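**Q** Model the following, please.
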Amino acid sequence: MNKETSDAINAAAAAIAPDLIAFAQRLVQTPSPPGAEGEVATLVEGEMRRLGFDAVWRDTAGNVIGRLCGGAGGGSLMLNGHMDHVDPGPAQAWPYPPFAGVIADGRLHGRGSADMKGALAAQVYAVAVLLRAGLRPAGDVIVTAVVQEETGGLGTQCLLEEGLRADAAIVGEASGLELKRGHRGRLEVLVTVNGRSVHASAPERAANPHFTIAGFIQRLRSLPLPGDPDFRGASVAPTLIVSDQTAGNVTPGRLVLHLDYRTLPEETAAAVVASLQPLLDASLSDGCTGQVSIERATMRTYTGLERNVLNAFPPFRLPADHALVRRASKALAELTGKTPPVGFWRFSTDGGHLMQEAGIPVLGYGPGEETMVHTVGESVALEQLQGAAAGYAALCLALTEPLSTSQPATAM
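**A** A predicted model of the protein is given here:
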């Protein structure tokens, strides 16, 4: 990418910044928990049409897809973002109301600002940057605003089921405008223990699952976990215990312990279950029985589509010397004058679905600090929103060029 192109992108990003920020603010002001993203989908679809995307549509899951047509000889690039967000928790814990979309101190505040409505707005407006700058990528750019990422990635899985593909993808989760080339996977592991419920005044008659769960958790601390130089190794954390009882004077007949297990690329769900079941077997007491499994849940999108899916995100890792990493790093360095750091996310994203299930090479790049995600102080810097729109535009040009060439973008 030459200086003339870089200057045109940066000038266009500065020109559209007020509209980009206003759009991101409207998205934050519109609550969209998993399964209720319809209003945000309408906003995204309307903005894509207004900005001049060549094609805009929704699929059966309610994902919004917009396409900017490029030249005939290049590759296609997907910009992947999600429309849903986690629960805000108690409003009084926030410095500003979570859905007010307050702009203060150079930042947009609110639930979803960093994860990831700010990035989604910047992805949509990357097309506006290209159009304003008069630049046409060598291949198609596909912006996908998906549903239910926060509950396992049903939206992106449905995109793939319906046959949508690209030669490469950028996932816009918060990275502080650094490049991310992978993350560990995530499994929602269930440790189910069945016993015998009795009145708590006669505990000797019970088969109390609490003692089995307690023994299992103690053994879990000594479970050997595989290591990895990139990801610091696998990890497992007990998170929730769900009882079949609500009264304090009744011993439970059934307890379900939830584990958050972070997997390495070489680990499978079956192998994780196989490593945990012996720990549970060794912990069973008083006639209790138990089983380790991966949670399945029936998800329903706002369009009424239902799927029974594993609560799992696959891991992914792109090699450090992969052409996608090299070309993205070069493009961003030419745009900003600084080579971006390349690393890994601690959390999981839809990138695992794209790469593991569809073979699409994936990089991460987005505005917002990783430490802001899922917090009551969630916010994103306005400067990073503008920078992300410019960065996505530059990546659209660089990553759609044929691998055998390094020709500049085609003028429109």
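
**Q** can you pull out the helices in the stretch 151-300 of the chain?
**A** Secondary structure of the stretch 151-300 of the chain by DSSP state H, counting those that start in this stretch: the helices cover 154-161, 209-220, 269-283.

**Q** Return the set of buried residues in the first one.
**A** Translated: helix 154-161. Neighbour-count burial for helix 154-161 flags 154-160 (criterion: 16 or more other CB atoms under 10 Å). Just so you know, the C-beta spots here come from the backbone N, C-alpha and C atoms, and that holds for glycine as well.

**Q** And for the second one?
**A** Neighbour-count burial for helix 209-220, with 16+ other CB under 10 Å as criterion, is recorded at 209-213, 215-217, 220.

**Q** Between the helices of the stretch 151-300 of the chain, which one is closest to residue 303.
**A** Of all these, helix 154-161 sits nearest to residue 303, with 10.0 Å by CB to CB.

**Q** which secondary structure elements does that closest one contact?
**A** Helix 154-161 sits against strand 77-82, strand 141-146, strand 306-310, with contacts defined as 3 or more CB pairs under 8 Å, 6 or more residues apart in numbering; DSSP states H and E.

**Q** okay, the angle between the first one and helix 154-161?
**A** Okay, so that is strand 77-82. Using axes from the mean of the first three to the mean of the last three CA atoms, to 10 degrees, the direction of strand 77-82 lies 150 degrees away from that of helix 154-161.

**Q** same thing with the second one?
**A** Orientation note: strand 141-146 sits at an angle of 130 degrees relative to helix 154-161 (the same axes, to 10 degrees).

**Q** Dump strand 141-146 to PDB, restricted to CA.
**A** Extracted as PDB, the C-alpha positions of strand 141-146 are listed here (Å, rounded to 0.1, in the frame of the first residue of the first chain):
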ATOM      1  CA  VAL A 141     -15.500  -7.700   1.300                       C
ATOM      2  CA  ILE A 142     -18.300  -9.400   3.400                       C
ATOM      3  CA  VAL A 143     -19.300  -7.800   6.700                       C
ATOM      4  CA  THR A 144     -21.200 -10.200   9.000                       C
ATOM      5  CA  ALA A 145     -23.100  -9.000  12.000                       C
ATOM      6  CA  VAL A 146     -24.000 -12.200  13.800                       C
END
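
**Q** contact partners of that strand?
**A** If you take CB atoms under 8 Å, 6 or more residues apart in numbering as the criterion, strand 141-146 is touched by 40-41, 44, 48, 53, 61, 63-68, 70, 76-83, 120, 123-124, 126-127, 130, 153, 155-156, 159, 164, 166, 350, 396, 400.

**Q** switch to 6 Å and redo it
**A** Under the criterion CB atoms under 6 Å, 6 or more residues apart in numbering, residues 44, 63-68, 77-83, 120, 123-124, 155-156, 166, 396 lie in contact with strand 141-146.

**Q** And the strands in the stretch 301-412 of the chain, which stretches?
**A** 306-310, 312-313, 316-317, 342-343, 362-364, 379-381, 410-411 (DSSP state E, counting those that start in this stretch).

**Q** How is the protein partitioned into domains?
**A** As assigned by automatic domain parsing, the chain contains the domains 3-183+315-411, 185-299.

**Q** Quick check: mean pLDDT of the shortest one?
**A** Domain 185-299 shows a mean pLDDT of 97 in the predicted model.

**Q** Endpoints of it, how far apart?
**A** Counting by CA to CA, to the nearest Å, you get 20 Å between the two ends of domain 185-299.

**Q** try stretch 81-95
**A** End-to-end distance of stretch 81-95 (CA to CA): 26 Å.

**Q** got the buried residues for it?
**A** Applying 16+ other CB under 10 Å to stretch 81-95 flags 81-85, 88, 94 as buried.

**Q** how about those residues in CSV, adding distance to residue 382?
**A** Converted to CSV, the buried residues of stretch 81-95 look like this (distance: CB to CB, whole Å):
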residue, distance to residue 382
81, 18
82, 21
83, 21
84, 23
85, 19
88, 21
94, 19
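
**Q** closest to residue 200 among the residues you listed?
**A** Using CB to CB, those come closest to residue 200 at residue 88, 36.2 Å.

**Q** who touches the closest one in this structure?
**A** 98, 111.

**Q** Doesn't it belong to a strand?
**A** No - counting by DSSP: H, G, I helix; E, B strand; the rest coil, residue 88 is not found in a strand; it is coil.

**Q** Kindly give the local confidence score, pLDDT, for it.
**A** 97.

**Q** Perfect, that will be all.
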